[in-house]
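Trainee: I'd like to go over a predicted model; first the sequence, then the structure.
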Amino acid sequence: MPHINLSNDFPGIRSLFIYRPETAAPLNALVQTMLHNPHPTLSAGERELIATYVSRLNTCFYCCNIHGAIAKHQLGDNGELVQQVLADPETAPISQKMKALLKIAAKVQSGGKNVLSADVEFARNEGASDIEIHDTVLIAAAFCMYNRYVDGLATWQPDDDTMHDKMGEQRAREGYLTPPVKVELIE
């Protein structure tokens, strides 16, 4: 049960965006820029993986599942890859660069000052550019905020993989600036 009076027509952060549209606009613009807009080198799927991984570390059920579904669709319907990254990035079939970036993301999740020069140097040695390191830190930090926003107000979070998949497919296709479509639970 949400801590404040929110609509259960939309799950997670979507209900908060409907509740406070004036704060939704800049938050949606930020996530659109971080995850969906073109990037010089990181694919949308890779950026969604970072958001998904940080959300898992933060135990944010809604964000982990919805961004995992978006990542799946951004990565050519490869849900298995998303699950492998969540289980253990070190053994997942991703590039060494992505493994190094996810290590940085995990350090940010546990506390920004936990990112050491050695972590950045390691990522550079694995091929990460400064913009990739910057954007990884920004995504990880922002998702700590988004996760705490969703969970701090105890938003409604359906346990329905089909619903997450439908919403994830829409966000992967349309980005974050289009209005959410109400998705009915499958009985």
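Mentor: Ah, there it is. Numbers count the residues shown, from 1 in each chain.
Trainee: how many other residues sit next to the residue nearest to Pro40 when sequence neighbours are not counted?
Mentor: Leaving aside its sequence neighbours, Pro40 sits nearest to Ile131 (C-beta to C-beta, 6 or more residues apart in numbering; 6.0 Å). Backbone N, C-alpha and C define where each C-beta goes, glycine included. Ile131 is flanked by 12 other residues according to other C-beta atoms under 10 Å.
Trainee: same check, this time on the one 5 residues further on
Mentor: Other residues within reach of Thr136 by the criterion other C-beta under 10 Å amount to 27.
Trainee: now Val115
Mentor: 21.
Trainee: contacting residues for it?
Mentor: 104, 107-108, 137 (C-beta atoms under 8 Å, 6 or more residues apart in numbering).
Trainee: In these, find the pair that's most separated.
Mentor: Lys107 and Val137 (9.0 Å; C-beta to C-beta).
Trainee: ok, back up a step: please report the distance of the residue nearest to Pro40 from Leu35.
Mentor: 15 Å (C-beta to C-beta, to the nearest Å).
Trainee: My guess is Pro158 contacts Pro11. True?
Mentor: Yes. Counting by C-beta atoms under 8 Å, Pro11 is a contact partner of Pro158 at 5.4 Å.
Trainee: Just want to know which of the two has more residues nearby.
Mentor: Pro11 (24 against 18).
Trainee: Could you report the pLDDT at the more buried one?
Mentor: With respect to pLDDT, Pro11 scores 87.
Trainee: Renumber starting at 41 from here on
Mentor: Okay, residue one is now 41; in that scheme the one you just asked about reads as Pro51.
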